[in-house]
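*Asks:* give me coordinates for this.
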Amino acid sequence: MHRYFKIYKPYGYLSQFITNEKPRKKKKLLGELGDFPEETMAVGRLDQDSEGLLLLTTNGKESARITGSSVEKEYYVQVDGDITEEAVALLKNGVEISINGSKYQTLPCKAFKLENRPVFPERAKKIRDERHGPTSWVSITLTEGKFRQVKKMTAAVGFPTLRLVRVRIGNEKLNDMDSGEVIELQKFDS
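*Replies:* Now for the predicted structure:
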């Protein structure tokens with residue numbers, strides 16, 4: 001019987017359960033957030049400094065289906081500066097970024113500026129405040145997921161990412177979960 005979980009991955013955690021590195025400082029791992037079965041794996045990843053919705057399962061086929069297909073992943077991204085309509089249009093059409101030293105053209109995606117600041121739990125590491133200039137929020141929905149793609153995309157259009165929160169994978173939503181919260185599901189709605 002496979003198990004399915006959705007979690008709000010907090011800032012500062014790696015999207016894995018074990019690490020082969022010999023870090024100088026102990027890394028925070030997903031296993032610290034709950035009592036998961038031994039075969040549990042993360043469905044996709046979020047960088048250590050990104051947060052939000054992460055799916056976990058013991059079902060490798062389901063994990064591969066979600067990561068290797070056109071399942072949408074939506075991110076709310078706080079960027080440095082007041083993002084322009086021109087920058088949003090560039091994001092929608094796809095931008096050139098670097099992946100492993102090679103140029104890569106991102107696929108067209110859904111993107112729009114959020115009119116209201118989303119409400120998320122306080123982050124462990126504070127974001128700079130408005131005294132250092134304006135910030136804005138944009139929604140970016142992708143069906144691909146290259147290494148640090150969203151951050152590279154916002155930088156490519158001149159608005160570097162300050163905070164990145166994944167809010168949706170398929171039909172699974174973050175909703176009003178708290179940072180570090182774990183919810184066990186019967187199956188994924190993706």
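*Asks:* surely L107 meets G145?
*Replies:* No. Taking contacts as Cβ atoms under 8 Å, L107 lies outside contact range of G145: 10.7 Å. No exception for glycine: its C-beta is placed from N, CA and C like everyone else's.
*Asks:* and the residue nearest the centre of the chain, what element?
*Replies:* Residue closest to the average C-alpha location in the chain (Cα atoms, centre = their mean): R166, at 3.8 Å. Assessed by DSSP states H and E, R166 sits inside strand 161-169.
*Asks:* looking at the chain, which helix or strand does the model trust least?
*Replies:* helix 60-67 (a mean of 91; mean pLDDT, DSSP states H and E).
*Asks:* list the buried ones in that one?
*Replies:* E62, S63, I66, T67 (16 or more other Cβ atoms under 10 Å).
*Asks:* turn those into CSV, including distance to Y13.
*Replies:* Listed next are the buried residues of helix 60-67 as CSV, based on distance: Cβ to Cβ, whole Å:
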residue, distance to Y13
E62, 22
S63, 18
I66, 20
T67, 19
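*Asks:* so who does A155 touch?
*Replies:* Contacts of A155 were listed using Cβ atoms under 8 Å, 6 or more residues apart in numbering, and they are T161.
*Asks:* and the helix or strand hosting it, how far out from the chain middle?
*Replies:* Taking DSSP H and E as the definition, one finds A155 inside helix 149-156. Relative to its parent chain, helix 149-156 has a centroid offset of 12 Å by Cα atoms, centre = their mean, to the nearest Å.
*Asks:* just the strands in the chain please.
*Replies:* Here the chain has its strands, by DSSP state E, at 4-9, 41-43, 51-57, 73-80, 96-99, 102-105, 110-113, 135-142, 161-169, 172-173, 182-185.
*Asks:* export those strands to CSV and tack on mean pLDDT?
*Replies:* Listed next are the strands of the chain as CSV, based on pLDDT from 0 to 100:
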stretch, mean pLDDT
strand 4-9, 97
strand 41-43, 94
strand 51-57, 97
strand 73-80, 97
strand 96-99, 94
strand 102-105, 94
strand 110-113, 98
strand 135-142, 96
strand 161-169, 96
strand 172-173, 96
strand 182-185, 96
